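Asks: Sequence and predicted model, in that order:
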Amino acid sequence: MNVEAQQENPNSLLWWMRRLIALRQRYRAFGRGTIEILLPENRKIFAFIRRFNDEQILCVFNLSRYVQCAELDLSEFRGAVPVELFGNQEFPPVGELPYFITLGPHGFYWFSLQREAAASASPRPKFEVTGDWDELFRGAARRKFENFLPSYLVQRRWFAQKARSITSVNVFDAIPIPVAGAVAGRRSAAPAAVLLVVYVELDHGSPERYVLPLAYLAGAPGEDLNKWHAESVLAELTTGTERGVLFDAVYSHDFVHAMADLLARRRTLVGTNGRVQGAPTPALRDFDDCIRDDCPVTTLSAEQSNSSVLLGDQAIFKFLRRFEEGINPEVEIGRFLSEQADFPYAPRMGGSIEYHANNHTAGPATLAILGEFIANEEDGWHYVIDALTHGLEEALAHRGDPELSVTPPQGLLSLHRDQLEPANPLVGPHLEWASLLGRRTAQLHAQLASDPRDPNFAPEPLTTLDRQSLYHGARSLTRQVLHEVSTLGVTSPNVAQVLEREEEIIAHLRRLTTVTGDLMRIRCHGDFHLGQVLWTGKDFVIIDFEGEPFRSLGRRRLKRPAMVDLAGMIRSFHYASQAAALQLSRNLGIAMQDSELGELDNWLTFWHRWVSGTFLESYLETAGTASYVPKNRAELSGLLDFFLLEKAVYELSYEVNTRPGWIDIPARGILDILDARL
């Protein structure tokens, strides 16, 4: 075969071998350690397990020219999640039954058997009560349960303060949730679930409250839940002579439909210190099919800052985990876009469920939100990363082509389209979607600023005092975040440079106070990034108007310059470029040559600036002379530069608290912003 032809084809045998070699070099178990042959009944399937230290690789081969299936005895790995190594895709976890698998003609799989954190942690606690299961939240049993909660909370993705230690947890309120259709005020049996509001004391800083909906299953249903959704189980619970499991109620059909029923019927459920009420919108009638008790319920497995459940294929129930009193921006903006504005590129809002405290001194806290489910191919994050990774592989295969010898634009506002070939393989496939996303963002802002009579949405001037306030807030955030990062002892050359350049960051932020011009502040998305847009195959739909989860509700509801959303999306493009590079590096591993790594970094910068510039250009063209759009380049550059840097500093705080392995991405972003120009 012609080697040059194979080099230029990412789907060729040469490239496949490069990926294979990279995988083999990444996992030492392939060349060392032990081998254990499995013996499935189907003799046309050859399977074995390689082990070395903490690596466990399952290899399965189909020796036939026909499709085959087999059941593998993986009981030793119960609870482990097989991750297919080529695509890094998770398969269903191993349960108590033999693991069933199918393979195409002469097909094969290599799996890394990775145990969930919960599976490798200490054994689950065991509780015992003499009456109904909800007796656990009263008396001495409650105190024992409260002592267990710190170890549970710190393992949750939605627990925001992983850099702080929990000193105590107390149950603030426990609201029984009856089965849907039960008569209000009459309790004839144990509840379908109990909604807990827990008060969390931390070693420093203000305490926080979280929402824990819990339910109980005994007998075979409990065993099945523990088998197929082990991540949902908190503890074992014995009630009298009956043994079962205490679990997260978002996995309970009865709980989800009880909450939907509460919303639809405007019911009120009373607890010790407050009450839960449904607050439907006029659009709820469009979700009637999803509220019926026979509507299927699907809990989304990806744990985020909240928990989401699908009702059929039309609605999605989002259960908020952090308890915050006040108007929730997602409810407020969602209702505005559904009921007052004309914006078809956001889901309709069906209503919310609120907690009202008995003391009447604070506003209601939103516990759950029902909204329209938008059928989609994938979110913008995965759509962009998949397309970019494929494009980078093509570029590496044709790295000698003259059109790949590129020089990144000097800044986002310095694009020269006459210097770019429309079919450039690096950015050509991305310019259309970037332009479309810019238009949809401008249309969103136009609707959010469309009602001057509504004080919550009427645009307001950005004053000199506002600029000073924005600067002081960003300066305080920077000091706090960099101090936190330095005390945690994060070791990274990029982070070290950021810490050394703290005063330069502050000086960069201070430039905002010198920016002049007449500009209006408006309500914004508040946490705008690629994960907050859905790609339907033809268009983008914008979702999740809750705002940045680590900011207070009051701050999330503030009117801000529209540039804050643009900066958020541009930072997301940078994240996507780095994530694509990580994925490509994982695919090719150390088989990548140094020269290829250097070219890759240049291509990523080129891609990021062209895609960001195209997005920005499309936004400005669509927004036109709107009152919230800067009137000249200097004002635009000053505002965008400020919010890009503020966002990157915020990301640094987020990553050090939740994903320390990603901290280099915002650190590199900060350095790029300091060294580049718009």
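Replies: Received the coordinates, thanks. Numbers count the residues shown, from 1 in each chain.

Asks: What lies in contact with stretch 402-419?
Replies: By C-beta atoms under 8 Å, 6 or more residues apart in numbering, the surrounding residues in contact with stretch 402-419 are 395, 398, 421, 424-426, 570, 599, 602-603, 605-606, 608-610, 612-614, 616-617, 633, 636-637, 640, 676-678. (C-beta placed from N, C-alpha, C; glycine too.)

Asks: What residues sit buried inside it?
Replies: If you call a residue buried by 16 or more other C-beta atoms under 10 Å, then stretch 402-419 has these buried ones: 404, 406, 408, 409, 412, 413, 415.

Asks: ok, now stretch 442-460?
Replies: Buried residues in stretch 442-460, counted by 16+ other C-beta under 10 Å: 442, 443, 444, 445, 446, 447, 448, 449, 450, 457, 459.

Asks: Model confidence for the first one, exactly?
Replies: According to the model's per-residue confidence, residue 442 sits at a pLDDT of 97.

Asks: pull the CA atoms of the helix or strand that contains residue 381 into PDB?
Replies: If you go by DSSP states H and E, residue 381 is part of helix 380-397. Below are the C-alpha coordinates for helix 380-397, written out as PDB (Å, rounded to 0.1, in the frame of the first residue of the first chain):
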ATOM      1  CA  GLY A 380     -23.400  22.200  21.800                       C
ATOM      2  CA  TRP A 381     -20.500  21.100  23.800                       C
ATOM      3  CA  HIS A 382     -20.400  17.500  22.400                       C
ATOM      4  CA  TYR A 383     -21.400  18.700  19.000                       C
ATOM      5  CA  VAL A 384     -18.500  21.100  18.700                       C
ATOM      6  CA  ILE A 385     -15.900  18.800  20.300                       C
ATOM      7  CA  ASP A 386     -16.800  15.900  18.000                       C
ATOM      8  CA  ALA A 387     -16.600  18.000  14.900                       C
ATOM      9  CA  LEU A 388     -13.400  19.700  16.000                       C
ATOM     10  CA  THR A 389     -11.700  16.400  17.000                       C
ATOM     11  CA  HIS A 390     -12.600  14.900  13.600                       C
ATOM     12  CA  GLY A 391     -11.200  18.100  11.800                       C
ATOM     13  CA  LEU A 392      -8.000  17.900  13.800                       C
ATOM     14  CA  GLU A 393      -7.400  14.300  12.800                       C
ATOM     15  CA  GLU A 394      -8.000  15.300   9.200                       C
ATOM     16  CA  ALA A 395      -5.500  18.100   9.600                       C
ATOM     17  CA  LEU A 396      -2.800  15.900  11.100                       C
ATOM     18  CA  ALA A 397      -3.300  13.500   8.200                       C
END
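
Asks: From the contact counts, what lies against it?
Replies: The contact analysis (3 or more C-beta pairs under 8 Å, 6 or more residues apart in numbering; DSSP states H and E) places helix 380-397 against helix 428-448, strand 533-535, helix 563-588, helix 594-623.

Asks: can you give me the angle it makes with helix 428-448?
Replies: Put simply, helix 380-397 runs at 160 degrees to helix 428-448, going by axes from the mean of the first three to the mean of the last three C-alpha atoms, to 10 degrees.

Asks: List the buried residues in helix 380-397.
Replies: By neighbour count on 16+ other C-beta under 10 Å, the buried set for helix 380-397 is 380-381, 383-385, 388-389, 391-397.

Asks: same question, stretch 276-293
Replies: 276, 277, 278, 279, 280, 281, 283, 284, 287, 290, 291.

Asks: closest to residue 355 among those residues?
Replies: Nearest to residue 355 out of the buried residues of stretch 276-293 is residue 276 (C-beta to C-beta; 5.5 Å).

Asks: can you pull the contacts of that closest one?
Replies: Contacts of residue 276 by C-beta under 8 Å, 6+ apart are 175, 195, 262, 268, 269, 353, 354, 355, 356, 367.

Asks: Pull out the buried residues from these.
Replies: Among these, those classed as buried by 16+ other C-beta under 10 Å are 175, 195, 262, 269, 353, 354, 355, 356, 367.

Asks: Where does residue 407 sit: helix, strand or coil?
Replies: Here residue 407 is recorded as coil under DSSP: H, G, I helix; E, B strand; the rest coil.

Asks: so where's the chain shaky on pLDDT?
Replies: Scanning the chain for pLDDT under 70 picks out 1-11, 116-122, 163, 181-188, 302-303, 418-419, 421-422, 587-597, 677-678.

Asks: how about a cut-off of 50?
Replies: Within the chain, the ranges that satisfy pLDDT under 50 run 117-121, 183-185, 590.

Asks: which residue is nearest the middle of it?
Replies: The residue lying closest to the centre of the chain (C-alpha atoms, centre = their mean) is residue 304, at 5.2 Å.

Asks: Is it possible to get CSV of the buried ones among the contacts of residue 276 that adds distance to residue 505?
Replies: What follows is the buried ones among the contacts of residue 276, written out as CSV (distance: C-beta to C-beta, whole Å):
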residue, distance to residue 505
175, 46
195, 43
262, 48
269, 49
353, 42
354, 40
355, 40
356, 43
367, 38
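
Asks: So which of these belong to helices?
Replies: Applying DSSP state H to those, the entries found in helices are residue 262.

Asks: tell me which of the buried ones among the contacts of residue 276 is nearest to residue 162?
Replies: Checking the buried ones among the contacts of residue 276 against residue 162 with C-beta to C-beta, the nearest one is residue 367 at 22.9 Å.

Asks: Next up, the contacts around that closest one.
Replies: 195, 211, 276, 319, 320, 323, 352, 353, 354, 355.

Asks: Okay, and the beta partners of the residue nearest to it when sequence neighbours are not counted?
Replies: When the adjacent residues along the chain are set aside, residue 367 lies closest to residue 353, with 4.8 Å between them (C-beta to C-beta, 6 or more residues apart in numbering). Following DSSP bridges, residue 353 is listed with bridge partners residue 278, residue 368.

Asks: The closest residue to residue 47 other than its chain neighbours and residue 68: what is the separation?
Replies: What sits nearest to residue 47 in space, not counting adjacent residues and going by C-beta to C-beta, 6+ apart, is residue 38, at 4.1 Å. Applying C-beta to C-beta, to the nearest Å, the value for residue 38 to residue 68 is 14 Å.

Asks: So for the two, which residue has more residues nearby?
Replies: Neighbour count, other C-beta atoms under 10 Å: between residue 38 and residue 68, residue 68 has more, with 22 against 17.

Asks: The more buried one against residue 47, yeah?
Replies: No: with contact defined as C-beta atoms under 8 Å, residue 68 and residue 47 do not form a contacting pair (11.3 Å).

Asks: With respect to residue 80, which of the helices and strands packed on helix 380-397 lies nearest?
Replies: Of all the helices and strands packed on helix 380-397, helix 563-588 sits nearest to residue 80, with 20.4 Å by C-beta to C-beta.

Asks: Show me which positions of that closest one end up buried.
Replies: Neighbour-count burial for helix 563-588 flags 563-581, 583-585, 587-588 (criterion: 16+ other C-beta under 10 Å).

Asks: ok, now stretch 16-29?
Replies: 18, 19, 22, 23, 24, 27, 29.

Asks: and what of stretch 521-539?
Replies: 521-535.

Asks: Tell me if I'm right that the residue nearest to residue 47 and residue 49 touch.
Replies: Yes: the pair residue 38 / residue 49 is scored as a contact, 6.8 Å apart, by C-beta under 8 Å.

Asks: The residue lying closest to residue 564 once chain neighbours are set aside sits in which helix or strand?
Replies: In this structure, residue 564 finds its nearest non-sequential neighbour in residue 643, 5.0 Å apart by C-beta to C-beta, 6+ apart. Per DSSP H and E: residue 643 is located in helix 633-658.
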